[in-house]
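> here is my input; please provide its structure:
(one chain, ligands or ions: 3)
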Amino acid sequence: TGHVNLAVIPGDGIGREVTVEALKVLEAAAPADLKFAQTRYDLGAERYLTTGEVLPDSVLEEIRGQDAILLGAVGGKPNDPNLPPGILERGLLLKLRFALDHYVNLRPSRLFPGSVSPLSADVLAKGDIDFVVVREGTEGPYTGNGGALRVGTPAEVATEVSVNTAFGVERVIRDAFARAQKRPRRKLTLVHKTNVLVNAGSVWWRIFSEVAAEYPDVTTDYAHIDAVMIYLTTDPQRFDVIVTDNLFGDIITDLAAAITGGIGLAASGNVNPDRTAPSMFEPVHGSAPDIAGQLIADPTAAILSGALLLDHLGHPEAAAKIEAAVLADLTAREPGTQRRTPEVGDAIAARVAG
Ligand code: NAD
Ligand code: IPM
Ligand code: MN
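Residues are numbered from 1 along each chain as shown. Ligands and ions are numbered 1, 2, ... in the order given. Down below sits the predicted model:
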């Protein structure tokens, strides 16, 4: 455990800008006897556009042999005629999540003191916002199970069929119960759309109810995805742990980020709880082509993803150091002033070191 082989995939756009800062802080926070051996993988839009390669099998197998992965973000400019939609998202990011069995996509949301929420004072007065979304990471509508017929004709038909296996649903629900049990409130909410998606919904509901019986000390709750959009903006304090499918989890976590200080703060871990392959840590945000190259992206989400990485590797004290440094940095932020990406990274690294 003194030596971590770390795969670094900076990716595209602001992914590259924030990854540098996350690494700075990771190095500063790591205990003296913990050494990171970094291997950088230049994957993403530039590699694809110059070589046609997205994720060669040999590279995937090399990454599989590492201890953990830090990823920035992938994706090019929208509607780039040379970049077919989804080529990087599916061929690189989802390929890694699927191949490395990242079935728990862990996305904590906490409104840190000092950060700004667009929620009204009335809503904020209800109490602290601190919940974690356990998003299923390997199934649902993300599997590519679908197709298109008669493309471009008025008779075109396109399908994206959601895949929900009892195996896949049970393992993520079990993980969520175990996480809920370790938190002070011990509450787990299943989010789905069981009133309409009755096939997938009944698998989720049945397994959720069955596993709940094994966790009598965890309070359970259910909400439909559409109502969750209401609760997140009117009563987010009701949530402790949420477990949900891949697509619902994607949507929930962007809104969750927006209400807890913004997308620039939202961290995530693509976790393989069985440790049969390396887990991957990345900010929730994308490559942000609209601000890339200006060095104005907030690297905090990537930095906090580094804390999740340290925690996963068994270094909770080092992870806590990063969180404390981020908290201090947020509290010191002056509204209306804009620091550059490296200034934020330097400031947080200095707090971690000092
Ligand atoms: P995005 O998250 O890149 O950007 C959404 C908005 O948030 C933009 O206005 C952007 O400027 C802002 N933003 C994002 N991160 C920020 C940060 N750290 N600091 C300040 N502002 C920030 O989402 P998008 O625009 O829908 O997608 C852009 C590209 O990224 C697409 O190709 C998409 O597929 C890809 N994407 C990749 C990932 C990933 O790699 N995990 C995640 C989401 C989107
Ligand atoms: C995310 C992103 C990805 C997702 C895309 C880029 C494949 O939006 O990490 O939230 O949908 O999971
Ligand atoms: Mn997303």
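
> the closest residue to P289 other than its chain neighbours: neighbouring residues, count only.
In this structure, P289 finds its nearest non-sequential neighbour in K77, 4.5 Å apart by CB to CB, 6 or more residues apart in numbering. Every C-beta, even on glycine, is put in place using the N, C-alpha and C of the backbone. Residues within reach of K77, counting by other CB atoms under 10 Å, total 14.

> K77 should be in a strand, yeah?
No. If the criterion is DSSP: H, G, I helix; E, B strand; the rest coil, then K77 is coil and not within a strand.

> how about the secondary structure of G249?
At G249 the chain is in helix, as set by three-state DSSP.

> quick one: it from ligand 2, how far?
8 Å (CB to the nearest ligand atom, to the nearest Å).

> what of L6?
20 Å.

> with D128 instead?
D128 is 24 Å from ligand 2, by CB to the nearest ligand atom.

> where does that residue land in three-state SS?
Per three-state DSSP, D128 ends up coil.

> so which residues on the stretch 251-354 of the chain come close to ligand 2?
On the criterion CB under 6 Å from any ligand atom, ligand 2 has as its neighbours in the stretch 251-354 of the chain the residues 284, 286.

> mind listing the strands for the stretch 251-354 of the chain?
Secondary structure of the stretch 251-354 of the chain (DSSP state E, counting those that start in this stretch): strands located at 267-271, 279-283.

> which strands or helices does the first one pack on?
Taking 3 or more CB pairs under 8 Å, 6 or more residues apart in numbering; DSSP states H and E as the contact definition, the neighbouring helices and strands of strand 267-271 are strand 104-110, strand 279-283, helix 300-312.

> using JSON lines, lay out the strands of the stretch 251-354 of the chain together with mean pLDDT and mean neighbour count.
JSON lines is the format used below for the strands of the stretch 251-354 of the chain (pLDDT from 0 to 100; neighbours: other CB atoms under 10 Å):
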{"stretch": "strand 267-271", "mean pLDDT": "98", "mean neighbour count": "25"}
{"stretch": "strand 279-283", "mean pLDDT": "99", "mean neighbour count": "28"}
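
> how about JSON lines for those, with distance to R40 added?
What follows is the strands of the stretch 251-354 of the chain, written out as JSON lines (distance: least, CB to CB, whole Å):
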{"stretch": "strand 267-271", "distance to R40": "19"}
{"stretch": "strand 279-283", "distance to R40": "15"}
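
> rewinding a little: I'd guessed the residue nearest to P289 sits against G286; true?
No. The pair K77 / G286 is not scored as a contact, 11.3 Å apart, by CB atoms under 8 Å.

> domain assignment for the chain?
Listed by automatic domain parsing, the domain ranges of the chain are 1-102+263-354, 117-260.

> among these, which is the most enclosed?
domain 1-102+263-354 (a mean of 19; mean count of other CB atoms under 10 Å).

> that older thread, make TSV from the helices and strands packed on strand 267-271 and add distance to H192 to it.
Listed next are the helices and strands packed on strand 267-271 as TSV, based on distance: least, CB to CB, whole Å:
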stretch	distance to H192
strand 104-110	16
strand 279-283	25
helix 300-312	25
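
> for the strands of the stretch 251-354 of the chain, which one sits closest to I322?
Closest of the strands of the stretch 251-354 of the chain to I322 is strand 267-271, at 9.9 Å (criterion: CB to CB).

> so how far is that closest one from its chain's centroid?
A distance of 4 Å separates the centroid of the chain from that of strand 267-271, by CA atoms, centre = their mean, to the nearest Å.

> direction included, what does that strand pair up with?
Strands that pair with strand 267-271, judged by DSSP bridges, come out as strand 104-110 (antiparallel), strand 279-283 (antiparallel).

> how far off helix 300-312 does the last one point, in degrees?
Angular relation of strand 279-283 and helix 300-312 on a 0 to 180 degree scale: 160 degrees, by axes from the mean of the first three to the mean of the last three CA atoms, to 10 degrees.

> centre of the chain to strand 279-283, how far?
7 Å.

> residues in contact with the nearest residue to R40 once chain neighbours are set aside?
Once flanking residues are discounted, R40 sits nearest to V8: 4.8 Å by CB to CB, 6+ apart. Shown in contact with V8 (CB atoms under 8 Å, 6 or more residues apart in numbering): 19, 23, 38-41, 69-70.

> sweet, I'm off.
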